[in-house]
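# Provided below are the primary sequence and the corresponding predicted coordinates.
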Amino acid sequence: MRLEDLDEAALCGFAERLGAGLRGGDVVLLCGEMGAGKTTFTRALARGLGVDRPDRVCSPTFNLRTEHRGPRPLVHMDLCRLVELGPDELPAAAFEALGLDEWASDQADAVLVVEWAQGWKHPPAANLCLTMLVRPNAPDRRDVDLRGHGRMTEAAEAAGQAV
């Protein structure tokens, strides 16, 4: 499904509605170039989840991982620094240290959002993948390609229809 020509308000509204429908254990993968709106999207998604301080959601590029408390907690990861290394230079230990593969069993009550998710070679089979694209002639507008996999297919369809 493709959502086209979204301004920031529409993108954030979509993210909030999506967040309201997510449950613990859900995985959201965000892809897109620098400045595509991945962190803005995640902050709005956090509002939809009801995290305690959604205003504190910021890019975890230098931390790699941040956690936000709430009735449905948010674990926010950013693989940008790892993706920059390139697939041949990326040590497997980097992913092991992040605990991405073990996350689902340890954080079943939280929603996981991973920015620069194209660096995660083996994400869970059930995920919601969003690729955010800056419109070529309108840098303040976004197109979003939305794909649900496994049990996240219904979430993708419901979120896309609500736009």
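Sure, I can see it.
# Confirm that A155 sits in a helix.
Yes - under DSSP: H, G, I helix; E, B strand; the rest coil, A155 sits within a helix.
# so who does R141 touch?
5-7, 134-135 (CB atoms under 8 Å, 6 or more residues apart in numbering). The C-beta positions use only the backbone N, C-alpha and C, and glycine is treated the same way.
# Would you format the residues you listed as JSON lines with neighbour count, distance to A110 and secondary structure included?
Shown next, in JSON lines, are these (neighbours: other CB atoms under 10 Å; distance: CB to CB, whole Å; DSSP: H, G, I helix; E, B strand; the rest coil):
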{"residue": "D5", "neighbour count": "10", "distance to A110": "32", "secondary structure": "strand"}
{"residue": "L6", "neighbour count": "20", "distance to A110": "26", "secondary structure": "strand"}
{"residue": "D7", "neighbour count": "12", "distance to A110": "30", "secondary structure": "coil"}
{"residue": "V134", "neighbour count": "17", "distance to A110": "29", "secondary structure": "strand"}
{"residue": "R135", "neighbour count": "13", "distance to A110": "32", "secondary structure": "strand"}
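# Check which helices and strands the longest helix along the chain sits against.
Criterion DSSP state H: the longest helix present in the chain is helix 8-21. Contacting helix 8-21 under the criterion 3 or more CB pairs under 8 Å, 6 or more residues apart in numbering; DSSP states H and E are the following elements: helix 38-49, strand 138-149, helix 153-161.
# Could you identify which of those is most buried?
Each of those was scored by mean neighbour count; the highest is helix 38-49, a mean of 24, by mean count of other CB atoms under 10 Å.
# thought R17 was touching L49?
No - applying CB atoms under 8 Å, one finds R17 not in contact with L49, separated by 11.3 Å.
# Residue ranges in the chain under the pLDDT threshold?
For the chain, applying pLDDT under 70 flags the ranges 60-65, 81-107, 156, 159-163.
# Need phi/psi at the residue sitting furthest away from the middle of it.
Distance to the chain centre peaks in the chain at N137, reaching 25.0 Å (criterion: CA atoms, centre = their mean). In terms of degrees, to the nearest 10, the main-chain angles of N137 are phi -100, psi 10.
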